[in-house]
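In: sequence and predicted structure below; questions after.
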Amino acid sequence: MTLRIAFAMTLLHVQGTATQAPPAVPDPVLRRAPARVAVRLVTQEVVAPLAEGVGYAFWTYNGTVPGTFLRVRQGDAVEVRLVNPPESRVPHNVDLHAVTGPAGGAGASLTRPGDSTTFTFTALAPGLFVYHCATVPVGMHVANGMYGMILVEPRNGLPPVDREFYLMLGEFYTIGGYGEPGLQPFSMDKALAEHPDYVVFNGGVGAVSADRAIPVGVGETVRLYLGNGGPNLTASLHVIGEVFDRVYRTLPGVVDEHLQTLSVPPGAGVVAEVRFQAPGVYTLVDHSLFRAFNKGALAQFRVTGPAAPDVYAGRTTEDVYLHEGGVVQTMPEPADLDRRPPTLEERVAHGRRVYGQTCRSCHQEGGQGIPGVIPPLAGSDFLNADTRRAIGIVLNGLEGEIVVNGETFSAVMPALRLTDADIADVLTYVFREWGNHGVVISAGEVRDIRICPWCADAAAPRRP
Ligand code: HEC
Ligand SMILES: [Cu+2]
């Protein structure tokens, strides 16, 4: 154990050669005895593209997202040197999930800009482990890209395969929406709400797709080291048009076969193998599909080799999936497609659905409200006294003191994002239920009040 071996991989990483950047991984550890392994992680803050025309100030390990793939053997003593360059703006550290010890090494490795620190741990358990920064605010360091993986190979290694790659999913939270150009700052509000604008493999939209798809050959066994840096979302990884032949639930031994979709929570890695058996382009997605097609969560393999008509006889094409982008896409309402105006029954049925989806949680199933908190709609003298005011309330919300059936309420009803037809139908439904006066409201009446708020009764709230 006194022998100090500086592996080729370690040196290569330090030099940051292109071939060792993700999705490439270092060669398997062929040693069958433990050694002392030195790894070096440089916490580089770099500005790089997050998508075409969109810049982001990433915080990284060794300049890439995810950081350098570290590869050791079970039983190795791993000496981790963390270097924080003087041009960094903040301190960083590293918590490796492979560490058995306080904070995974985070305390021992906390390093100010311009300093470096070293700590050593013994890789006791085999597995594919995430490492990440754990400097406060921890979520922000991770959201800025400070994660990577360390593979602790079992004592006797893993079975050999033809190709190995490293893909890690992560979310990015930006002030601007998806695709908004320019240098985009981190948005703490969106991170807290867990509403990322980008969900990407290897640090950017298109980092591993289209002309940067991973080339592999038909029939090759491809081992994927799949990780999730998070910080928030659980990934559901699926290769369109293939099945994972083998998935290691633990290393070396428990293997699941023929899995379609892998759940990878934040802070976890999964070793999965797939053999592409027919040529073409195959897309790895997060099967939470809006993330894949609208936020960037896809990676591609370009599989070349002889056609395999016995496996797949259809036409094979080289088309790539295009990102659909994050622009809100609305479909025409069914009413627009179907020129026939809806009957009163259809409108009431639609109004009942809108009520169930939008109003019931507050005003309750039978419209009875909640005493002292939410006013009733059933037999409400306030509602029945003024239909135009009622339209204004559903359009714009309501705040302040009101008296309904002799009881005073002083709460806030939020403005609701509903169409004119939704509002007309839900009010028509409400008016026809629970002993109310049965008036029918048209979408035109709602539109009139939407464009002329002061046309509602003087008591109705005004638009800001
Ligand atoms: C988040 C809870 C909430 C939701 C959702 C909500 N309301 Fe309300 N609503 C209120 C509160 C609270 C008030 C009383 C506000 C006040 O005190 O000024 C109110 C008042 C009203 C009133 C006037 C008072 C009365 O009882 O006649 C009407 C009419 C009304 N809501 C209709 C609706 C309809 C229709 C929907 C669904 C499209 C809806 N509300 C959805 C909370 C809600
Ligand atoms: Cu950090």
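Out: Structure received. Ligands and ions are numbered 1, 2, ... in the order given.

In: residue 429 contacts residue 345, doesn't it?
Out: No. Using CB atoms under 8 Å, residue 429 makes no contact with residue 345, being 11.0 Å away. All C-beta atoms are positioned from the backbone trio N, CA, C, and that covers glycine.

In: higher neighbour count, these two?
Out: residue 429 (23 against 8; other CB atoms under 10 Å).

In: am I right that that one sits in a helix?
Out: Yes. Assessed with DSSP: H, G, I helix; E, B strand; the rest coil, residue 429 lies in a helix.

In: which residues does it contact?
Out: Shown in contact with residue 429 (CB atoms under 8 Å, 6 or more residues apart in numbering): 347-348, 351-352, 354-355.

In: same thing with residue 66?
Out: With contact set as CB under 8 Å, 6+ apart, residue 66 has these partners: 22, 145, 147-149, 166, 168, 170, 202-203, 227, 229.

In: and these, which is closest to ligand 1?
Out: residue 170 (34.3 Å; CB to the nearest ligand atom).

In: just the pLDDT at that closest one, thanks.
Out: We have a pLDDT of 98 for residue 170.

In: so what's the backbone phi/psi at it?
Out: Main-chain torsions, residue 170, degrees, to the nearest 10: phi -160, psi 150.

In: thinking it is in contact with residue 230, fair?
Out: Yes. Counting by CB under 8 Å, residue 170 touches residue 230, with 6.8 Å between them.

In: need the overlap of contacts for those two.
Out: Common contacts of residue 170 and residue 230 (CB under 8 Å, 6+ apart): 142, 147.

In: rewinding a little: and which of the contacts of residue 66 is nearest to residue 369?
Out: Using CB to CB, residue 170 comes nearest to residue 369 of those, at 44.9 Å.

In: which strand residues bridge the closest one?
Out: residue 200, residue 230 (DSSP bridges).

In: pLDDT below threshold where in the chain?
Out: Low-confidence segments of the chain, defined by pLDDT under 70: 1-19, 315-339, 454-464.

In: tell me which parts of it are close to ligand 1?
Out: 358-359, 361-363, 374-377, 380, 382-383, 390, 393-394, 398-400, 402, 404, 409-414, 416, 426, 430 (CB under 6 Å from any ligand atom).

In: next step: those residues restricted to strands.
Out: Using DSSP state E, 398-400, 402, 404, 409-413 are the members of the residues of the chain next to ligand 1 that sit in strands.

In: could I get those residues as JSON lines with neighbour count?
Out: Listed next are these as JSON lines, based on neighbours: other CB atoms under 10 Å:
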{"residue": "398", "neighbour count": "19"}
{"residue": "399", "neighbour count": "13"}
{"residue": "400", "neighbour count": "10"}
{"residue": "402", "neighbour count": "17"}
{"residue": "404", "neighbour count": "17"}
{"residue": "409", "neighbour count": "20"}
{"residue": "410", "neighbour count": "10"}
{"residue": "411", "neighbour count": "15"}
{"residue": "412", "neighbour count": "8"}
{"residue": "413", "neighbour count": "19"}
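
In: out of the residues you listed, which comes closest to residue 154?
Out: Taking CB to CB as the measure, residue 154 lies nearest residue 412 of those, at 58.9 Å.

In: so how far is residue 362 from the nearest residue to that closest one once chain neighbours are set aside?
Out: Leaving out its chain neighbours, the residue that sits closest to residue 412 by CB to CB, 6 or more residues apart in numbering is residue 399, at 4.9 Å. Using CB to CB, to the nearest Å, residue 399 is found at 14 Å from residue 362.

In: how about residue 340?
Out: To residue 362, residue 340 is 33 Å away according to CB to CB.

In: cool, and residue 305?
Out: From residue 305 to residue 362 the distance is 60 Å (CB to CB).

In: domains for this protein, by residue range?
Out: According to automatic domain parsing, the chain comprises the domains 4-304, 334-455.

In: dump those domains into JSON lines; add distance to residue 312 as well.
Out: Compiled in JSON lines, those are given as follows (distance: least, CB to CB, whole Å):
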{"stretch": "domain 4-304", "distance to residue 312": "4"}
{"stretch": "domain 334-455", "distance to residue 312": "36"}
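
In: if we can go back for a sec, which one of the contacts of residue 429 is nearest to residue 292?
Out: Out of the contacts of residue 429, the member with the shortest distance to residue 292 (by CB to CB) is residue 354, at 30.3 Å.

In: give the buried residues for the strand or helix carrying that closest one.
Out: Using DSSP states H and E, residue 354 sits in helix 344-354. Judged by neighbour count (16 or more other CB atoms under 10 Å), helix 344-354 contains these buried residues: 347-348, 350-352, 354.

In: what packs against the strand ranked longest in the chain?
Out: Across the chain, the longest stretch assigned as strand under DSSP E is strand 36-51. Here strand 36-51 touches strand 4-5, helix 8-15, strand 54-61, strand 70-73, strand 77-83, strand 198-201, going by 3 or more CB pairs under 8 Å, 6 or more residues apart in numbering; DSSP states H and E.

In: what is the neighbour count of residue 314?
Out: Residue 314: 8 neighbours (other CB under 10 Å).

In: ok, it to residue 428 distance?
Out: 50 Å.

In: strands of the stretch 101-250 of the chain, residue ranges please.
Out: 116-122, 127-132, 147-153, 163-172, 182-183, 198-201, 214-217, 221-230, 235-240, 244-248 (DSSP state E, counting those that start in this stretch).

In: not counting the first one itself, show me its contacts.
Out: In other words, strand 116-122. Taking CB under 8 Å, 6+ apart as the rule, strand 116-122 contacts 75-84, 96, 98-101, 105, 108-111.

In: just the fifth one next, same as before
Out: Counting by CB under 8 Å, 6+ apart, the neighbours of strand 182-183 from elsewhere in the structure are 47, 53-57, 176.

In: equivalent analysis for the last one, please.
Out: Surrounding strand 244-248, the residues in contact under the criterion CB under 8 Å, 6+ apart are 128, 221, 254-260, 262, 270-275.

In: surely residue 450 meets residue 395?
Out: Yes. Contact criterion CB under 8 Å: residue 450 and residue 395 qualify, at 5.8 Å.

In: who does residue 302 form a beta bridge with?
Out: Going by DSSP bridges, residue 302 forms beta bridges with residue 215, residue 281.

In: for residue 374, same thing?
Out: Residues in beta-bridge contact with residue 374 (DSSP bridges): residue 370.

In: how much space separates it from residue 229?
Out: Residue 374 sits 42 Å away from residue 229, going by CB to CB.

In: how about residue 186?
Out: Counting by CB to CB, the gap from residue 186 to residue 229 is 15 Å.

In: same question for residue 53.
Out: Taken as CB to CB, the span from residue 53 to residue 229 is 23 Å.

In: between those two, which has more neighbouring residues?
Out: The residue with more neighbours, out of residue 53 and residue 229, is residue 229; 27 against 10, by other CB under 10 Å.
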